[in-house]
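[1] Kindly generate the corresponding structure for this input.
(2 chains)
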Amino acid sequence: MSVVTLTINDKLVSAPRTATLLDAIQDQGIDVPTLCHLKGLSERGGCRLCVVEVEGSPRLAASCVTPVAEGMVIRTHTEKIIKYRRQMIELLLAERNHVCAVCVQNGNCELQTLAAKLGVTSVRYDYICPDLPMDASHERFVMDHNRCVLCGRCNRVCDEVEGAHTLDMAGRGIHSKVIAGMNQPWGTSRSCTSCGKCVQVCPTGALFKKGSTAAEMKKQHDFLLWILDGREKKIWRWS
Amino acid sequence: MAQSELDRQKQFRCRMLVCASTPCISSGALAVEEALKKAVEAEGLQTEIETVATGCLGPCSRGPLVTVQYEGQPDVAYEGVTVEIAPFLLAKHAKGLLVPELDNKAIPADWPFFAKQKKLVLAESGTVDPEKLESYVARGGYSALGQTLREMTPEEVCNEMVKSGLRGRGGAGFPTGLKWNMVRKAPGERKYVVANGDEGDPGAYMDRTLMESDPHRVLEGMAIAGFAVGADQGYIYVRGEYPLAAKRLEKAIRQAERKGLLGSRILDSNFNFRIDIRMGAGAFVCGEETALMQSIMGRRGQPVPRPPYPANRGLWGGPTLINNVETFGNITTIITKGATFYAAYGTEKSKGAKIFALAGKVNNTGLIEVTIGITLREIVFDIGGGIRGGRPFKAAQTGGPSGGCIPSEYLVTPIDYETLQRLGSIMGSGGLIVMDDQSCMPDVAKFFMEFCMDESCGKCGPCRGGTVQMHRILGKITNGSATMEDLSKLEELCIMVKETSLCGLGMTAPNPIYSTLRYFRDEYEAHIRDHHCPAGVCQFTEKPLRIAVA
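    Numbers count the residues shown, from 1 in each chain, chains lettered A, B, ... in the order given. Below you'll find the model as predicted:
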């Protein structure tokens, strides 16, 4: 496998030619915040939290969708980028009704963790407080649009791994919304296999199991790599 | 075919060309054409006088426009022709009567609106019948395609484009020849050519006019591009709000296919090229090239990260050439008249002519084509005829919601890609909105931000949430409830959204705020500090915030 050399935060590193910048950065044990990225799913490049500075480029690059190249010089934690990341988290928190205290995923939420890690202590923007519904028509799961960050992980896992493509996006801009089937109550969708993969990959409490109450929901994504390794590489890790 | 059409046209002593593009149709051009036809029939002059529905002439606010071509006389254009006065045209030209009603309707031949323009792309617009292939061929149409297929190699065509210095007319100004060469050299079994006709900027209608007035020119340009890059399939993506353009293009494609100018074995060569129309569904973001391709493939019209660039992996994974409709409109001129002819127009780095949709507070609004490098003063005061009501000029907005404003101190700077960028605006697709002292800049910025907010696709966070927050802060400024802290928040957001957004929409959405802040910061501060709108536009509904001093 051919290899390229690049500089990440002043350190010379090598990475396989097919890798993305994010792979290379994470290989170095550097913690770059991500939200829409999830190992095992296709990249979306939508949350923009993983942006990094590439020397010689006028634009910031989202590391999850940028391929590595020979001689690249990358900075992952400049003052400017950290400030941008904070602003992005603030925008996400202001966008919908993220009330941690009553959320099933309080304490295990990726958005909450990111906010804490980036030191977002208050939101300086107006809360938009949209009037959003909750879909509890499914027999096992609930979709709460108030907590959704529109990362699209559920869409991708439903389409790429489960193959059902029950969930998708409707609307645009701030009115984007995850929908089931032909924009119908989730419970009436006949393509949904009730596999629950979407619930497990959801970073926030937007998708959760019925019957869980505040701070009770914990999610596991390891199943994803387990399935994909088995399918593609025929490696089954039983332990 | 060209000869027989010319012969046919020569039978008539007089041809009356009625502009039948959307603006004139909405002011009654079709009824005028009908009235003219009836009058001709009533006089029994069908063999001598022909009435033709053509494309756009330019001064759209003065429609319906009729041009009279009379044997042995210079062409005369008339503005504001109504059904009532249409028969007078006949009386004047066919019978030689003096008609006082028409005196103030005739447009003088030396009117600066026309005199200052240089029509390269719109050269035939207004003289050819857009629904008739013969009419286009009679004016030399499809000779460029024939010339390319017979005499040139794909490489030569691309190099001709490089030599001409043509740059993309969609706004960013990427060198066209370079792009063609990239697609030509990109490995791939099947390649595609896409014409971007999803023109969404408010107030801009260059592409619509070109597609409505001279559809064959676009098709011919696309076919030449297809030959140059090795594609056999073209798509023309027409904005959903342009039904007339789509109808005329469809008709044009069918006519050209029937005559062997499109389809298989074009002009008996080995070159095959099909063109299909794809209609947009009303999303501004689909003018962004990656979103447009998603839409053509039948997917949700959202941008995808680049690289890979369309030139390497575009439609269905094949290398795809994507250019603006107006860019394709330039191709035939470059081929028939030569790259050196074309490169003689414009500035050192920006060649040729550009179409602008002149709108706002000027006396003459409409569609103009000017050589690049013309000054804003010439456009506003000579072509535009000055500001309406004699009021002072304040600023001009170029590039629509992705562009910025140019204040009066830069009236004398030449308009080209680099200069506009340096001034904090962009060339854009060609919308040009002129504002006088009664326009409030924060209010203008709010208008464009509202547009961006509504049109944001919602895929990336900075654009989705950022445009909403910026719009809110602008709302506070214009209703008088903002503080200076809001202003600094707004500036911070502008930079963040610009730098981190996924596609061009988000990256350029803050431009209107950015540039109005750069030149009219005092207006923002007057709104916040003095609770006063200098232009007298904003209604302050909120009481000023009293900050308690401890």
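[2] which bits of the stretch 251-400 of chain B sit near chain A?
    Proximity of the stretch 251-400 of chain B to chain A (C-beta under 8 Å from any C-beta of the partner chain) is limited to residues B:283, B:285, B:300, B:304-305, B:307. Just so you know, the C-beta spots here come from the backbone N, C-alpha and C atoms, and that holds for glycine as well.
[3] Give me the below-cutoff pLDDT ranges for the chain.
    I'll assume chain A. A:1, A:238-239 (pLDDT under 70).
[4] ah, no, chain B please
    In chain B (pLDDT under 70), the answer is B:542-550.
[5] quick one: the residue sitting nearest the centre point of chain A from A:Gly187, how far?
    Central residue of chain A (C-alpha atoms, centre = their mean): A:Cys36, 2.5 Å from the mean position. Taking C-beta to C-beta, to the nearest Å as the measure, A:Cys36 falls 27 Å from A:Gly187.
[6] what sits against the residue lying closest to B:Val362 once chain neighbours are set aside?
    Once flanking residues are discounted, B:Val362 sits nearest to B:Gly384: 3.5 Å by C-beta to C-beta, 6 or more residues apart in numbering or on different chains. Applying C-beta atoms under 8 Å, 6 or more residues apart in numbering or on different chains to B:Gly384 gives the contacts B:113, B:358, B:362-365, B:434.
[7] taking the residues you listed one by one, which sit in helices?
    B:Phe113 (DSSP state H).
[8] residues near residue 233, how many?
    With no chain named, the answer covers chain A. Neighbour count for A:Lys233, taken as other C-beta atoms under 10 Å in any protein chain shown: 8.
[9] Chain B is the one I meant
    Neighbours of B:Gln233 using other C-beta under 10 Å come to 19.
[10] For it, which residues are in contact?
    B:190, B:192-193, B:226, B:273-276.
[11] Then B:Val83?
    B:28, B:31-32, B:34-35.
[12] re the thing from before, and the contacts of B:Gln233 as JSON lines, adding distance to B:Glu71, secondary structure and neighbour count?
    Converted to JSON lines, these look like this (distance: C-beta to C-beta, whole Å; DSSP: H, G, I helix; E, B strand; the rest coil; neighbours: other C-beta atoms under 10 Å in any protein chain shown):
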{"residue": "B:Arg190", "distance to B:Glu71": "51", "secondary structure": "coil", "neighbour count": "14"}
{"residue": "B:Tyr192", "distance to B:Glu71": "47", "secondary structure": "strand", "neighbour count": "24"}
{"residue": "B:Val193", "distance to B:Glu71": "41", "secondary structure": "strand", "neighbour count": "30"}
{"residue": "B:Gly226", "distance to B:Glu71": "40", "secondary structure": "helix", "neighbour count": "26"}
{"residue": "B:Phe273", "distance to B:Glu71": "39", "secondary structure": "strand", "neighbour count": "22"}
{"residue": "B:Arg274", "distance to B:Glu71": "41", "secondary structure": "strand", "neighbour count": "16"}
{"residue": "B:Ile275", "distance to B:Glu71": "37", "secondary structure": "strand", "neighbour count": "23"}
{"residue": "B:Asp276", "distance to B:Glu71": "42", "secondary structure": "strand", "neighbour count": "12"}
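[13] The residues you listed: which two are farthest apart?
    Pairwise distances across these peak at 15.1 Å for B:Arg190 and B:Ile275 (criterion: C-beta to C-beta).
[14] Please name the residues that touch the residue nearest in space to the middle of chain B.
    Nearest to the geometric centre of chain B sits B:Met206, at 2.0 Å (C-alpha atoms, centre = their mean). By C-beta under 8 Å, 6+ apart, B:Met206 lies in contact with B:199, B:326, B:355-357, B:367, B:429-430.
[15] quick check, A:Ala61 in a strand?
    Yes: assessed with DSSP: H, G, I helix; E, B strand; the rest coil, A:Ala61 lies in a strand.
[16] Check the contact between it and A:Val54; I expect there is one.
    Yes: judged on C-beta atoms under 8 Å, A:Ala61 makes contact with A:Val54 at a distance of 5.0 Å.
[17] out of everything not next to it in sequence, what's closest to B:Tyr514?
    Nearest one to B:Tyr514, counting by C-beta to C-beta, 6+ apart, is B:Cys494 at 5.5 Å.
[18] now do A:Ile74
    The nearest residue in space to A:Ile74 (C-beta to C-beta, 6+ apart) is A:Ile8, at 4.7 Å.
[19] Quick check: bridge partners of that neighbour?
    Listed by DSSP bridges, the beta-bridge partners for A:Ile8 are A:Lys11, A:Ile74.
[20] how many neighbours does it have?
    Applying other C-beta under 10 Å, we find 22 residues neighbouring A:Ile8.
[21] hey, C-alpha coordinates of stretch A:135-154 in CSV?
    This file holds the C-alpha atoms of stretch A:135-154, laid out as CSV (Å, rounded to 0.1, in the frame of the first residue of the first chain):
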residue,chain,number,x,y,z
ASP,A,135,-43.3,10.8,16.6
ALA,A,136,-44.1,8.0,19.1
SER,A,137,-46.1,6.0,16.6
HIS,A,138,-43.5,3.2,16.3
GLU,A,139,-44.0,0.3,18.6
ARG,A,140,-40.4,0.3,20.0
PHE,A,141,-38.8,3.6,19.2
VAL,A,142,-39.5,7.3,19.5
MET,A,143,-38.3,10.2,17.2
ASP,A,144,-38.1,13.5,18.9
HIS,A,145,-37.4,16.3,16.4
ASN,A,146,-36.6,18.7,19.1
ARG,A,147,-33.3,17.0,19.9
CYS,A,148,-32.2,16.3,16.3
VAL,A,149,-29.0,17.9,14.9
LEU,A,150,-29.7,16.8,11.3
CYS,A,151,-26.4,14.8,11.2
GLY,A,152,-28.0,12.3,8.8
ARG,A,153,-26.5,9.3,10.5
CYS,A,154,-29.9,7.5,10.9
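[22] and it with chain B, contact?
    Yes: against chain B, stretch A:135-154 shows contacts by C-beta under 8 Å from any C-beta at A:149-150, A:152.
[23] Helices of the stretch 51-200 of chain B, start to end?
    Assigned by DSSP state H, counting those that start in this stretch, the helices in the stretch 51-200 of chain B fall at B:86-95, B:112-115, B:133-138, B:143-151, B:154-164, B:176-185.
[24] let me fix that: chain A
    Secondary structure of chain A (DSSP H): helices located at A:21-27, A:79-95, A:110-117, A:153-156, A:197-201, A:222-228.
[25] Please list all residues in contact with residue 139.
    Using chain A. A:Glu139 touches A:187, A:194, A:210, counting by C-beta under 8 Å, 6+ apart.
[26] hm, I was asking about chain B
    B:124, B:127-128.
[27] repeat for A:His175
    Contacts of A:His175 (C-beta under 8 Å, 6+ apart): B:Gly458.
[28] Test my guess that the residue nearest to A:Ile74 contacts A:Val68.
    No: using C-beta under 8 Å, A:Ile8 makes no contact with A:Val68, being 9.8 Å away.
[29] shared neighbours, these two?
    In contact with both A:Ile8 and A:Val68: A:Ala24, using C-beta under 8 Å, 6+ apart.
[30] Just the element for B:Lys38, please.
    helix B:29-43 (DSSP states H and E).
[31] Can I get that helix as PDB, trimmed to CA atoms?
    What follows is helix B:29-43, C-alpha atoms only, in PDB (Å, rounded to 0.1, in the frame of the first residue of the first chain):
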ATOM      1  CA  ALA B  29     -46.700  41.400 -26.600                       C
ATOM      2  CA  LEU B  30     -48.700  38.400 -27.900                       C
ATOM      3  CA  ALA B  31     -51.900  40.500 -28.200                       C
ATOM      4  CA  VAL B  32     -49.800  43.100 -30.100                       C
ATOM      5  CA  GLU B  33     -48.500  40.400 -32.500                       C
ATOM      6  CA  GLU B  34     -52.100  39.200 -33.000                       C
ATOM      7  CA  ALA B  35     -53.300  42.700 -33.700                       C
ATOM      8  CA  LEU B  36     -50.500  43.300 -36.200                       C
ATOM      9  CA  LYS B  37     -51.300  40.100 -38.000                       C
ATOM     10  CA  LYS B  38     -55.000  41.000 -38.200                       C
ATOM     11  CA  ALA B  39     -54.200  44.400 -39.500                       C
ATOM     12  CA  VAL B  40     -51.900  43.000 -42.200                       C
ATOM     13  CA  GLU B  41     -54.600  40.600 -43.200                       C
ATOM     14  CA  ALA B  42     -57.200  43.300 -43.200                       C
ATOM     15  CA  GLU B  43     -55.100  45.300 -45.600                       C
END
